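> Have a look; sequence and predicted model below, questions after that.
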Amino acid sequence: AQSVTQPDIHITVSEGASLELRCNYSYGATPYLFWYVQSPGQGLQLLLKYFSGDTLVQGIKGFEAEFKRSQSSFNLRKPSVHWSDAAEYFCAVVTGGGNKLTFGTGTQLKVEL
Amino acid sequence: ETGVTQTPRHLVMGMTNKKSLKCEQHLGHNAMYWYKQSAKKPLELMFVYNFKEQTENNSVPSRFSPECPNSSHLFLHLHTLQPEDSALYLCASSHFPPSGGAYEQFFGPGTRLTVL
């Protein structure tokens, strides 16, 4: 079955430092992958997506992610983190014929000033 | 209104109450979803509606009853809930069928439900 693993439950970085959040997927075909962000008490906001083409995708808020088929990974990166980036981040993959998303368990990001 | 809206944002109910959650999308989508988000657990898909027809019921207890009168509105009717049903309930919408890579779902802010 298709699945998504986010191995880091919590990550703490200093403001201005670089960030990488890990995501590994298990899927037989070419996956359609997403990163979402959730601020406290809010819904999920789409940061970026990958479905084909260039394996380095740019998203909103200065985030990017790189699809690596050989490693079954889709890691999220940001060169310089801002305090407002503190939130929970979810990786997701399309499953079930294109109408369902399977989410990872999320990574809680804390930013130290 | 833009995007996906949900009302109410917060709801406290007793186990014998009946209440409903409402979701409305202003994106021209024709698929809508209910998710449950509990602490320490992955996001759980509850129901999927495509063109107003339910296509997925992910083994959800019958005390949760969805209704989709049209492609823009989705309800979740609640009755005789249990304390373990306390969670954030998220509504989402998307294009269906997806094409050109448009598989992403757009989420509302959620309803924080507390069952006493």
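Ah, there it is. The model shown is predicted, which means the values in this text are computed figures rather than measured ones.
> Residue nearest the middle of chain B, spatially speaking?
residue B:34 (2.7 Å; CA atoms, centre = their mean).
> Just checking, which helix or strand of chain B averages the lowest pLDDT?
In chain B, no helix or strand scores lower on mean pLDDT, DSSP states H and E than strand B:53-57, which sits at a mean of 87.
> Now stretch B:53-61: buried residues?
B:56, B:60 (16 or more other CB atoms under 10 Å in any protein chain shown). The C-beta positions use only the backbone N, C-alpha and C, and glycine is treated the same way.
> which secondary structure element contains the residue in chain B sticking out farthest from the centre?
Centroid-distance maximum for chain B: residue B:100 at 25.5 Å, with CA atoms, centre = their mean. Assigned by DSSP states H and E, residue B:100 belongs to no helix or strand.
> just residue B:21 next, same as before
Using DSSP H and E, residue B:21 falls in strand B:18-25.
> on that earlier part again, now do the residue farthest from the centre of chain B against residue A:22, distance only.
Distance of residue B:100 to residue A:22, computed by CB to CB, to the nearest Å: 28 Å.
> need the residues of chain A near chain B, please.
Taking CB under 8 Å from any CB of the partner chain as the contact definition, chain A meets chain B at A:32, A:34, A:36, A:41-46, A:49, A:51-52, A:90, A:94, A:96, A:98-101, A:103-106.
> just to revisit the earlier point, now the host helix or strand of the residue nearest to the centre of chain B: mean pLDDT?
Using DSSP H and E, residue B:34 maps to strand B:31-37. Strand B:31-37 shows an average pLDDT of 96 in the prediction.
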